[in-house]
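# Got a predicted structure plus its sequence, pasted below:
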Amino acid sequence: MPSISNKVHLSAVITTFNNAATLARCLASLNLNGLPLTDEILVLDSGSTDNSVAIATSHGAKVETKAFSNYSEQKQHAIELAEHDWVLLLDADEWLSQKLRERLQQWRQQPPSADAYRLQRREWLLWQWQHKWSKPVTPIRLFDRRTSRMNSVPVHAALVCDGQVDTLKAALLHTGEADIHTKVEKINEYSSGQAEWRGSRQFLRLRMLVYPGFAFWREYLLRRQFLNGWAGFIAARSAAFYAFLKYAKAYELTRKEQDD
């Protein structure tokens, strides 16, 4: 197999905090047939107390540390620390499928046709992979940082691009939550973060009444979670519960501020 072209210099960027259970698989997926898919692997750790840093180092990653502030700022800081302008941004519980590795290798052989690329993320839903016909999440993860940046949303922060965006049609695999208990814990944590964000404080009573139902049917029908059986039903109900909690908590904070 020919060696990877140097036409596109690429940095893989990963943020970590106690991700020893999944990080090795993430890092191992950045190789294809023994050849590295990126010129650099940069890991920004926020104070892990497990073996995350040691695992990153053993895979040849450059490790930096920064105290966690919020998801948006942490990821943006990691992006800025990268050596190269083209960045592949991953979570520590994600990894590249074989097809995505091959597509990424092909992509590096020629000049980019866009400023950023969406990846098709395939989710592990509690006890099964999501059905191939259910709608994947397609976040921007491969991008030129000169035209892309993290938005300011503190939870569920995402990349936005000022230029042309295309899609690499191959699966980015995501571990997701192993059980309902873990999923509910994450929903509780994320909904508290969203409630504290001032941008979500308008029409809260109406949102509590209406939006959870919309969130359920959006997941169950539009994203085709019904194809995933009971795992899909639970995922859709969890999305509705999350929608309710973030607005209920925001309403609670508003009431407390008014009382003060």
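Done, it's in.
# Sort out which residues of the helix or strand of the chain with the lowest mean pLDDT are buried, please.
Ranked by mean pLDDT, DSSP states H and E, the helix or strand of the chain with the weakest confidence is helix 180-195, at a mean of 85. Along helix 180-195, these residues count as buried under the neighbour rule (16 or more other Cβ atoms under 10 Å): 183, 187, 190-191, 193-195. For glycine as for every other residue, the C-beta is placed from the backbone atoms N, C-alpha and C.
# right, and the helix or strand after that helix?
Tracing the chain past helix 180-195, the next element assigned as helix or strand by DSSP states H and E is helix 204-217.
# right, and the helix or strand after that following helix?
helix 229-259.
# Next, the angle helix 204-217 makes with that next one.
170 degrees (axes from the mean of the first three to the mean of the last three Cα atoms, to 10 degrees).
# okay, the angle between helix 229-259 and helix 180-195?
Using the same axes, to 10 degrees: helix 229-259 against helix 180-195 is 40 degrees.
# coming back round to it: elements contacting the least confident helix or strand of the chain?
Counting contacts by 3 or more Cβ pairs under 8 Å, 6 or more residues apart in numbering; DSSP states H and E, helix 180-195 packs against helix 229-259.
# what about the helix it packs on, average pLDDT?
For helix 229-259, mean pLDDT rounds to 89.
# helices or strands up against it?
strand 116-125, helix 180-195, helix 204-217.
# could the ones you listed go into CSV alongside distance to Val8?
Shown next, in CSV, are these (distance: least, Cβ to Cβ, whole Å):
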stretch, distance to Val8
strand 116-125, 12
helix 180-195, 34
helix 204-217, 38
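# Among these, which comes closest to Ala158?
strand 116-125 (10.7 Å; Cβ to Cβ).
# could you point out which element follows the closest one?
Taking DSSP H and E, what comes next after strand 116-125 is strand 128-129.
# got a list of contacts for that next one?
122-123, 228-229, 231 (Cβ atoms under 8 Å, 6 or more residues apart in numbering).
# out of these, who's nearest Asn31?
Arg122 (20.0 Å).
# before we move on, back to that, out of the helices and strands packed on helix 229-259, nearest to Leu168?
That would be, of the helices and strands packed on helix 229-259 and by Cβ to Cβ, strand 116-125, which comes in at 5.0 Å.
# Show me the helices in the stretch 51-200 of the chain, by range?
52-58, 71-81, 98-107, 180-195 (DSSP state H, counting those that start in this stretch).
# Make CSV out of those and add distance to Val155.
Formatted as CSV, the helices of the stretch 51-200 of the chain follow (distance: least, Cβ to Cβ, whole Å):
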stretch, distance to Val155
helix 52-58, 21
helix 71-81, 6
helix 98-107, 26
helix 180-195, 4
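# Which one, of the ones you listed, ends up nearest to Asn151?
Nearest of the helices of the stretch 51-200 of the chain (Cβ to Cβ): helix 71-81, 6.5 Å.
# For the closest one, enumerate the helices and strands it packs against.
strand 10-16, strand 40-45, strand 86-91, strand 148-150.
# And the spatially most central residue of the chain, how far from Pro212?
Ranked by distance to the mean C-alpha position of the chain (Cα atoms, centre = their mean), the top residue is Asp91 at 5.5 Å. Distance, Asp91 to Pro212, using Cβ to Cβ, to the nearest Å: 26 Å.
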